[in-house]
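Trainee: Make a model of this:
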Amino acid sequence: MSTFGILGLAHELGRAMSVEELLGPDASDAARRALAAKGYRRLYRADDGVGLTDLATAAASAALANAGVEPGRVDLLVVAITDLAEYLYWDVAAAVQARLGAHRAEAVLMGQACSAGVLAFDTVAGKFATHPDYRTAVIVAANRVCEPYWDRAGTGTSISSDGAAAAVLVRDHPDRRWLATEVISDGRYAGFMKMDVGGTARPFTAAEPDRPAVAGLADRLEEFFGGDGRAAYRFATTVQARNRTVLERACDRIGTTIDDVARVVYLNDNRATFAELAAELGIPLELTNQELALDHGHFGAADQIFCLERHLARGDLAAGDVVALMSTGSGMHWACSMLSI
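Mentor: Have a look, this model is predicted:
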């Protein structure tokens, strides 16, 4: 099995703003209460003209600088995204490779929504296994909300932020080592997050009567499950149950248990979701990344790498700690990558 560790980490975020600033002065009391219940204190929003590729390139460049690695030494670049890129028919991974000057690197684009950043570790492991000459890889996960299609506060359970986080991975590096990745996929829920307009089945046209957008969470639950409240409830409980299952499988793969995991780094979801996650896993809430999540918002596929960097910088992790990077992504995918600090 190929082994590798993280040599350097970095991030690039949009502009910090308060939740109140996102709502604006004309927001209804109901909207304010709904947002307050999620528990977020701030989010990050990229300035106009700053795109997904810009954020990803800046984070990857900073991670390489922190690792002391020249772009020309990179063998593999994996870019994980959640939302749309700046353009259709646009390969973000290839664009980042060019902008970095990592011209000899293979560029791979991953789009498994919020689980893509966690699954990217497994992609690196596979590429290292099949390409013995690859020694240095970069994972960069990025999110830039397309606001005409996506309501930052109302489309999902989280508040969406703009940002990117990157990790430089080196074969046989002894610190912050990758141990294993597990994933569960269930295509029965593949249509839950889809936008009906804009693909080949129904391209955008000038005659569209309404502004295309991803429907709000409540409307999607109603439509997808056909008004069957019990089916929607089963879906919600399945999400948490499979978080435990995928973590258990990852622990089994490395010969440990959930009790031995020092910290679980989940996607930056709301306060209630973290409480449910901790209860499902049987761990103290303080061993999750809840506070980082509520201070920053949800960076799509970048949450886990970003929060790992912050936990390390704050001294929350010690040498030898086992950390679980976990995510749930539309599709649906449940993913877990295990690291040893």
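Trainee: residue ranges of the strands in the stretch 151-300 of the chain, please?
Mentor: Secondary structure of the stretch 151-300 of the chain by DSSP state E, counting those that start in this stretch: the strands cover 163-171, 177-185, 261-265.
Trainee: What helices and strands are in contact with whatever helix or strand Ala65 lives in?
Mentor: If you go by DSSP states H and E, Ala65 is part of helix 52-67. Here helix 52-67 touches strand 4-13, strand 76-81, helix 92-100, strand 136-143, strand 163-171, going by 3 or more Cβ pairs under 8 Å, 6 or more residues apart in numbering; DSSP states H and E. Heads up, the C-betas are built off the backbone N, CA and C, glycines and all.
Trainee: Pick the most buried one from the ones you listed.
Mentor: Among those, ranked by average contacts under mean count of other Cβ atoms under 10 Å, first place goes to strand 136-143 (a mean of 30).
Trainee: Could you check the angle that strand makes with helix 52-67?
Mentor: 140 degrees (axes from the mean of the first three to the mean of the last three Cα atoms, to 10 degrees).
Trainee: just the angle between strand 136-143 and helix 92-100, please?
Mentor: Between strand 136-143 and helix 92-100, the angle comes out at 120 degrees (the same axes, to 10 degrees).
Trainee: Strand 136-143 pairs with which strands, and in what direction?
Mentor: Here strand 136-143 has these sheet partners by DSSP bridges: strand 76-81 (parallel), strand 163-171 (antiparallel).
Trainee: Identify the residues contacting the residue nearest to Pro174 when sequence neighbours are not counted.
Mentor: Distances taken as Cβ to Cβ, 6 or more residues apart in numbering place Gly5 nearest to Pro174, at 6.0 Å, with adjacent residues excluded. By Cβ atoms under 8 Å, 6 or more residues apart in numbering, the residues touching Gly5 are 169-170, 172-178.
Trainee: In JSON lines, list the helices and strands packed on helix 52-67 along with mean pLDDT.
Mentor: Compiled in JSON lines, these are given as follows (pLDDT from 0 to 100):
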{"stretch": "strand 4-13", "mean pLDDT": "98"}
{"stretch": "strand 76-81", "mean pLDDT": "98"}
{"stretch": "helix 92-100", "mean pLDDT": "98"}
{"stretch": "strand 136-143", "mean pLDDT": "98"}
{"stretch": "strand 163-171", "mean pLDDT": "98"}
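Trainee: who wins for proximity to Ala232 among the ones you listed?
Mentor: Ala232 lies closest to strand 136-143 among those, at 26.1 Å (Cβ to Cβ).
Trainee: Report the distance from that closest one to the chain centre.
Mentor: Centroid displacement of strand 136-143 relative to its chain, using Cα atoms, centre = their mean, to the nearest Å, is 11 Å.
Trainee: next one: stretch 267-287
Mentor: Worked out by Cα atoms, centre = their mean, stretch 267-287 lies 16 Å from the chain centre.
Trainee: now swap in stretch 175-187 and tell me
Mentor: Counting by Cα atoms, centre = their mean, stretch 175-187 is centred 13 Å from the centre of its parent chain.
Trainee: and Ala116, how far is that from Asp122?
Mentor: Between Ala116 and Asp122 the distance, using Cβ to Cβ, to the nearest Å, works out to 11 Å.
Trainee: typo on my end, it should be Thr257
Mentor: Per Cβ to Cβ, Thr257 is found 21 Å from Asp122.
Trainee: what's the answer for Arg230, then?
Mentor: 35 Å.
Trainee: what about these two, which has more around it?
Mentor: Neighbours were counted for Arg230 and for Asp122 using other Cβ atoms under 10 Å; Asp122 has more, 17 against 8.
Trainee: No further queries at this time; thank you.
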